[in-house]
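Asker: This is the structure alone, sequence omitted:
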Ligand SMILES: Cc1cc2nc3c(=O)[nH]c(=O)nc-3n(C[C@H](O)[C@H](O)[C@H](O)COP(=O)(O)OP(=O)(O)OC[C@H]3O[C@@H](n4cnc5c(N)ncnc54)[C@H](O)[C@@H]3O)c2cc1C
């Protein structure tokens, strides 16, 4: 049973509490944690709530990219006009998480820290090459998101560490991106398979690309081999098909009651192809310098 809930107002106070209360759990939106407690999977003695730390709800454009505070809600990301325009796949993923009620409570930090393979916000952040800033009483460190997940519900975070913010590199002109999620229903269901694609096209050539998958491996999966294969191509249908085939063979899906591994692998190729086609279309139609 939870004995006490603490409401720190600064990050410093938060990491101090986490250091002195090893049996405490960070409580953000509670949409994963409270379910886990109800199911008996978590039994924290204390909650350290992030609800009063308003500084971490920020979505901010900086000279070197986008900063998203860990307690920004999915709804605030999905509705942010600049995120939609410049980091389309991130807004699309945030807008497909749970229901409207869930999105208004659930945070980006909570989605990453829960570290489930189907976490919707992870693939687009991986595709854009995001980093996470982790803080503790000992100091802070920056970890590439591609090195953050270690297995289902496992991350590199140490006891007493807090995920403070996510930083996404600046996107150059002519960047397009797309997130696609396959599930039984358009809302509320978690992904059977998901794919995020990002491409930068200049003078008809793909200068940079990002590709990541969800729900088809023990962790959200960045498909570096496919990203490399796309750079320098004209993003023809053949180039895209090749990248989709690489993604399908990189996936390590499982059979479960929701779908077979074989179906998931086939859908990786389909979603990757469609996400890349849409990202290419957006990149070609934008062709403008990104404002800061
Ligand atoms: C009905 C329903 C539908 C859902 N649908 C989807 C869906 O479609 N897609 C999807 O991806 N998810 C879905 N979820 C899962 C959930 O909403 C998300 O994972 C959500 O983003 C978790 O964020 P939260 O703020 O609620 O985290 P919490 O539940 O508060 O915390 C989750 C975990 O992360 C830790 N934590 C939280 N923030 C931090 C931090 N800043 N630093 C360190 N540790 C932290 C907590 O201690 C806890 O262990 C759904 C959940 C529900 C209940």
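Answerer: Everything's here; your move. Being a predicted model, the structure only gives us computed values, none of them experimental.

Asker: isn't residue 187 right next to residue 99, touching?
Answerer: Yes: applying Cβ atoms under 8 Å as the test, residue 187 and residue 99 come out as touching, 5.8 Å apart. Where C-beta positions appear, they are placed from N, C-alpha and C, glycine not excepted.

Asker: what about the two, which has more around it?
Answerer: Neighbours were counted for residue 187 and for residue 99 using other Cβ atoms under 10 Å; residue 187 has more, 13 against 10.

Asker: quick one: contacts for that one?
Answerer: Residue 187 makes contact with 96, 98-99, according to Cβ atoms under 8 Å, 6 or more residues apart in numbering.

Asker: The ligand next: which of those are close?
Answerer: The overlap between the contacts of residue 187 and the neighbours of the ligand (Cβ under 6 Å from any ligand atom) comes to residue 98.

Asker: which one of the contacts of residue 187 is nearest the ligand?
Answerer: When the contacts of residue 187 are ranked by distance to the ligand (Cβ to the nearest ligand atom), residue 98 comes first, at 3.3 Å.

Asker: Is the closest one inside a helix or a strand, and which specific one?
Answerer: Here residue 98, judged by DSSP states H and E, is contained in no helix and no strand.

Asker: quick one: pLDDT of it?
Answerer: At residue 98 the predicted local distance difference test score is 95.

Asker: What about the closest residue to the ligand within the stretch 1-150 of the chain, how many residues nearby?
Answerer: In the stretch 1-150 of the chain, no residue comes nearer to the ligand than residue 110, which is 2.1 Å away by Cβ to the nearest ligand atom. Residue 110 is flanked by 25 other residues according to other Cβ under 10 Å.

Asker: List the contacts of residue 248.
Answerer: The contact partners of residue 248, taken as Cβ under 8 Å, 6+ apart, are 265-266, 268-269, 272.

Asker: got the residues of the chain near the ligand?
Answerer: Counting by Cβ under 6 Å from any ligand atom, the positions of the chain adjacent to the ligand are 25-33, 35, 70, 97-98, 102, 105-107, 109-111, 113-114, 118-120, 162-163, 188, 190.

Asker: Touching, residue 233 and residue 206? I think so.
Answerer: Yes: in this structure, residue 233 is within contact of residue 206 by Cβ under 8 Å, at 5.3 Å.
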